[in-house]
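Student: Pasting a predicted model and its sequence here:
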Amino acid sequence: MSEAGDSIVQFDNVGLRYGTDREVLSDISFTLYPGSFYFLTGASGAGKTSMLKLLYLAQRPTRGAISMFGHDLITQPRKSLPNFRRRIGTVFQDFRLITHLSAFDNVALPLRISGMGETEIQKPVADMLEWVGLSHRSHARPATLSGGEQQRVAIARAVIARPEILVADEPTGNVDPEMAVKLLRLFEALNRLGTTVVVATHDVHLLRKVPDSLIMRLDKGKLSDPTGALRYPPKRDIPRREVQP
Ligand SMILES: Nc1ncnc2c1ncn2[C@@H]1O[C@H](COP(=O)(O)OP(=O)(O)OP(=O)(O)O)[C@@H](O)[C@H]1O
C-alpha cells in the first residue's frame, strides 16, 4: 500500500452499517501518523465506538478501504487478524476484565501471551499497578473492585506491552478528575515512547489537557477535522518504533 506512505492507519471512504440499517459511519477518510495523539470526539450516538471497533478490528467496514501498518486490511485473510490485533492495545467502555483472574493477572496477560517469563513479568506488572494506584488491590478479582479501579486495571492491561496503537473508549469515564488527568499522563508517556494513541471522549475538558493532540470530530457518522491537523503529518518529532515483520 504505497499510498499509505508513512501512515500507521489510513481510512479511505469507509462506511459502516449494522445489518440493513442506515450507515452509522459514512465517507470516513483520514490518516493517522505514527506516534501522534488523537482525540475522537462527538455527541452520544455519533459513531465513536463504531469507529474504534473498526480501528481495533472488531468490525469490518461495509465499504471503503482500511490500511494498517502498511497492509490493506480488506484483503488480509481472517487468520492474520490476530497478528494485527496483538499490536493494538484496547480500553473498552465496559472494561472486559477476565473475572476469574486477579488485577495482577489481568494486567500480566498481554506479557504472558507475548511469551515473557514469570520472573520478567513480576516487576513491570507491579510497577504498572503502582502507577495506576492499585498496588494494594493486586490480588483482588474484578468483581470486588470499584468501577474506577476496574477501569484503571483495564488501562494498565492495555498499555503494559507498549502496543503500537492504543485505542481507548471513554477511558476516564469512571474516575475522578484528578485520576483522569493522571491516566492521561500515562497515555502521554506511552505516546512519547512512540505509541499512536486514539482516545474517544465526549469530555471537551479532556482535549485541553494534551496540548499536542489532534482532534477528530464525529457528527452523525460524518467526520470533521476542526483543526485541519489530520491532513498533514504532525510537525513534532515523533519517536520511531521498530516495525515488526
Ligand atoms: N451493534 C449494533 N447494532 C445496531 N446499531 C448499532 C450497533 N452499535 C451501535 N449502533 C448504532 O450506531 C450508532 C452509533 O453508535 P456508537 O456506539 O458508535 O456511538 P458513540 O458515539 O460511541 O455513542 P456513545 O458516546 O453513547 O457511546 C447509534 O445510532 C447506535 O444505535
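Tutor: Thanks, I have the structure now. Numbering: from 1, shown residues only.
Student: Run a quick neighbour tally on T195.
Tutor: Around T195 sit 24 other residues, with neighbours defined as other Cβ atoms under 10 Å. For every residue, glycine as well, the C-beta is placed using N, CA and C.
Student: residues making contact with the lowest-mean-pLDDT helix or strand in the chain?
Tutor: The weakest-scoring helix or strand in the chain, judged by mean pLDDT, DSSP states H and E, is helix 204-207 (a mean of 85). Residues from elsewhere that reach helix 204-207, judged by Cβ atoms under 8 Å, 6 or more residues apart in numbering: F39, T41, T172, A180, L184, V199, T201, S213, I215.
Student: For the longest helix along the chain, buried residues please.
Tutor: Secondary structure of the chain per DSSP state H: the longest helix is helix 177-192. By 16 or more other Cβ atoms under 10 Å, the buried positions in helix 177-192 come out as M179, A180, K182, L183, L184, L186, F187, E188, L190, N191.
Student: Can I get that helix in CSV? Just the C-alpha atoms.
Tutor: What follows is helix 177-192 as a C-alpha-only set of coordinates in CSV (Å, rounded to 0.1, in the frame of the first residue of the first chain):
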residue,chain,number,x,y,z
PRO,A,177,-10.9,14.5,37.6
GLU,A,178,-7.6,14.0,39.4
MET,A,179,-7.3,10.4,38.3
ALA,A,180,-8.5,11.3,34.8
VAL,A,181,-5.5,13.6,34.4
LYS,A,182,-3.2,11.0,35.8
LEU,A,183,-4.4,8.4,33.4
LEU,A,184,-4.0,10.9,30.5
ARG,A,185,-0.4,11.4,31.6
LEU,A,186,0.1,7.6,31.4
PHE,A,187,-1.2,7.7,27.8
GLU,A,188,1.1,10.7,27.0
ALA,A,189,4.1,8.8,28.5
LEU,A,190,3.3,5.8,26.3
ASN,A,191,2.8,8.2,23.3
ARG,A,192,6.2,9.7,24.0
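Student: Next secondary structure element downstream of it?
Tutor: strand 196-200 (DSSP states H and E).
Student: picking that back up, CA atoms only: put the least confident helix or strand of the chain into PDB for me.
Tutor: Output of helix 204-207 as PDB, limited to C-alpha atoms (Å, rounded to 0.1, in the frame of the first residue of the first chain):
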ATOM      1  CA  VAL A 204     -14.200  18.500  26.000                       C
ATOM      2  CA  HIS A 205     -12.200  19.400  29.100                       C
ATOM      3  CA  LEU A 206     -10.000  16.400  28.400                       C
ATOM      4  CA  LEU A 207      -8.900  17.700  25.000                       C
END
